[in-house]
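J.: with the input below, show me the fold.
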Amino acid sequence: MLNSFKKELLYGGRALVRDNRWSQRLVQSLQRHERFDLTEMQQLRQRLLYRSLRAAMVKLPYYRSLSHDFQEEDACEVLRSFPIIDKRSLLDHPRELYPNDGIKRPWQSLGKTSGTTGTPLTVFRSPQSVLMEHAFIKRHWAWSGYSDGMPRATLRGDVVTSLNRRTPPFWFLNRYNNQLLLSSRHLLDDCIDPMLDRLEGFRPAMLQAYPSTAYALAQFLQRRNRRLRIPFLFCASEPLYPHQRDLIVERLGCQVMDMYGMAERVAFVTQCEFGAMHVNSDYAHVEIVDEDGQPTDGEGYVVGTTFHNLSMPLVRYRLSDQTRWKSGDCPCGRHFPMIEPVTGKLEDSITGSNGATVSASVLTFAFKGVEHIRKSQVAQVGEGHWEIRIVPDPGFGSADERLLRDNVRTLVDGQVRLDVKLVPELLNTAAGKFRWVVNEYRR
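T.: Modelled structure (predicted):
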């Protein structure tokens, strides 16, 4: 009863903040941008970029040596004088690249992630940027015809019920948003049938899921010779492979609309109804650069400059992900640039204590709030047996290890056998990529 009351407070409070008249106006404003011509969009991007660069110069000591004497129309040229930074830059220079000497203000929220590079990171977020993020997501949903109030189901990493629960319900109805949240930890043979029945009866207009959880759902449907009819699947946080897409479409009867984003919020890419991946150019300034940091028309690294988180503006922040620009016009008519599918977050598949596949995105929950980690890797070394390898930063101690273990038990898998091993280094592959999740166990 207490947990249900807490959930009511949580989702009721979120709806009050995210779905009020002001937030609706934000979505409507973003939707007007879709009708901008190329000149109007360029003017908007210059204005937003100018605002972010000025904020970075004022708030972050790292940039205070740069000249503040420039106009809005010079923003793109001035951007080139900013060095490219990355996650390691933030970790190594917190007093220069974080505002207020790295101390969070009371009104700011924290975005915490480990990412699939395995190094935890915390980013300060302004209240405005949190609302803008949700507005961009809702604009994407609207591309399918979805609008507030329509039923939607969610099968992501939400902790919906106890990991040890083996009787229904394995879901929670957020009545404030007409949202059915299903527990991805209960995608198991002895739990799935009531979940499928509940999902079928709910008849959602769309499903939010990780590619891996949507695929696991489709596999269960296939094994039971069942199908659902869910018009749209919105997925994010992991690569969506062709074999996954094919089975998902077959069993869920849906159109897939993928999304690419990250905790640092320096890029937002959404798939339109015609299948193209569009860079939301009113969200951030996105570049694609080669190994030397130079612009390239070939495959390169995604580099982004945030437009809306002025509490901690990240400028020319390089991600480990790679893609390339895609030429041509999209039938959808939106003047948002197109890119090829993003690569660089490929990882092996590992299984938990019950033999079910565990999403890499769910594994990142184990590192929430854990500090003093330079690099990490999660390896399956036996049946129901994981080894988390840590390259520690100075200060890593028993409290960090205890939190890591507790997170695994409460947020990921309560029964898996777990070893935490400190190592001096974790090497990249011969191709120069780092595998954060590896399966070293072969039956």
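J.: spatially, which residue comes closest to residue 303, not counting chain neighbours?
T.: residue 287 (4.3 Å; CB to CB, 6 or more residues apart in numbering). Every residue, glycine included, has its C-beta placed from N, CA and C.
J.: and the host helix or strand of that neighbour, what does it pack onto?
T.: For residue 287, the host element (DSSP states H and E) is strand 284-289. On a contact count with 3 or more CB pairs under 8 Å, 6 or more residues apart in numbering; DSSP states H and E, strand 284-289 meets helix 38-59, strand 300-306.
J.: picking that back up, and the pLDDT for the residue nearest to residue 303?
T.: Here the pLDDT value assigned to residue 287 is 97.
J.: relative to residue 124, which of the helices and strands packed on strand 284-289 is closest?
T.: Nearest to residue 124 among these is helix 38-59 (10.1 Å), distances taken as CB to CB.
J.: in that closest one, what's buried?
T.: 41, 45-46, 48-57, 59 (16 or more other CB atoms under 10 Å).
J.: what lies in contact with it?
T.: With contacts defined as CB atoms under 8 Å, 6 or more residues apart in numbering, helix 38-59 is touched by 33, 36, 63-64, 66, 68, 71-73, 75-76, 78-79, 82, 99, 281-282, 285, 305-308, 310-313, 315, 335.
J.: among those residues, which are in helices?
T.: 33, 75-76, 78-79 (DSSP state H).
J.: could you dump those residues to TSV with pLDDT?
T.: TSV is the format used below for the ones in helices among the contacts of helix 38-59 (pLDDT from 0 to 100):
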residue	pLDDT
33	96
75	95
76	94
78	95
79	96
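J.: determine which two of those are furthest apart.
T.: 33 and 78 (23.3 Å).
J.: hang on, the earlier thing: what subset of the ones in helices among the contacts of helix 38-59 is buried?
T.: Applying 16+ other CB under 10 Å to those flags 33, 75, 78-79 as buried.
J.: which one of those residues sits closest to residue 27?
T.: residue 33 (10.9 Å).
J.: ok, the closest one - contacts?
T.: Per CB under 8 Å, 6+ apart, neighbours of residue 33: 41, 44, 282.
J.: nearest to residue 8, out of the helices and strands packed on strand 284-289?
T.: strand 300-306 (33.4 Å).
J.: number of residues surrounding residue 194?
T.: Residue 194 has 15 neighbouring residues, counting by other CB atoms under 10 Å.
J.: for the closest residue to it other than its chain neighbours, which three-state class applies?
T.: Spatially, and ignoring its direct neighbours in sequence, residue 194 is nearest to residue 168 (4.3 Å; CB to CB, 6+ apart). The local conformation at residue 168, judged by DSSP: H, G, I helix; E, B strand; the rest coil, is coil.
J.: any figure for the gap between residue 168 and residue 160?
T.: Per CB to CB, to the nearest Å, residue 168 is found 12 Å from residue 160.
J.: ok, for residue 384, nearest residue in space, not its chain neighbours?
T.: Using CB to CB, 6+ apart, the closest residue to residue 384 is residue 353 (4.3 Å).
J.: show the backbone phi and psi for the one you found.
T.: With angles defined as degrees, to the nearest 10, residue 353 sits at phi -70, psi -30.
J.: if I look at residue 438, how far off is residue 379?
T.: From residue 438 to residue 379 the distance is 5 Å (CB to CB).
J.: now for the two: what residues contact both?
T.: residue 350.
J.: the two: who's more crowded?
T.: A count of neighbours by other CB under 10 Å puts residue 379 above the other of residue 438 and residue 379, at 20 against 16.
J.: what's across from that one in the sheet?
T.: residue 387, residue 438 (DSSP bridges).
J.: so what's it up against?
T.: With the criterion set at CB under 8 Å, 6+ apart, residue 379 makes contact with 350, 386-389, 437-440.
J.: ok, it to residue 87 distance?
T.: Residue 379 is 21 Å from residue 87, by CB to CB.
J.: and residue 340, by the same measure?
T.: Relative to residue 87, and taking CB to CB, residue 340 is found at 23 Å.
J.: the more surrounded of those two?
T.: Legend: neighbour count by other CB under 10 Å for residue 340 and residue 87, higher for residue 87 (18 against 13).
J.: the more buried one contacts residue 123, doesn't it?
T.: No. Contact criterion CB atoms under 8 Å: residue 87 and residue 123 do not qualify, at 10.1 Å.
J.: shared neighbours, the two?
T.: residue 264.
J.: so residue 420: helix, strand or coil?
T.: Secondary structure, three-state DSSP: residue 420 is strand.
J.: ok, now how distant is it from residue 392?
T.: Distance from residue 420 to residue 392, by CB to CB: 10 Å.
J.: ok, the residue lying closest to residue 191 once chain neighbours are set aside - contacts?
T.: Nearest residue to residue 191, sequence neighbours excluded (CB to CB, 6+ apart): residue 170, at 5.5 Å. If you count contacts by CB under 8 Å, 6+ apart, residue 170 has them with 160-161, 182-183, 186, 191, 194-195.
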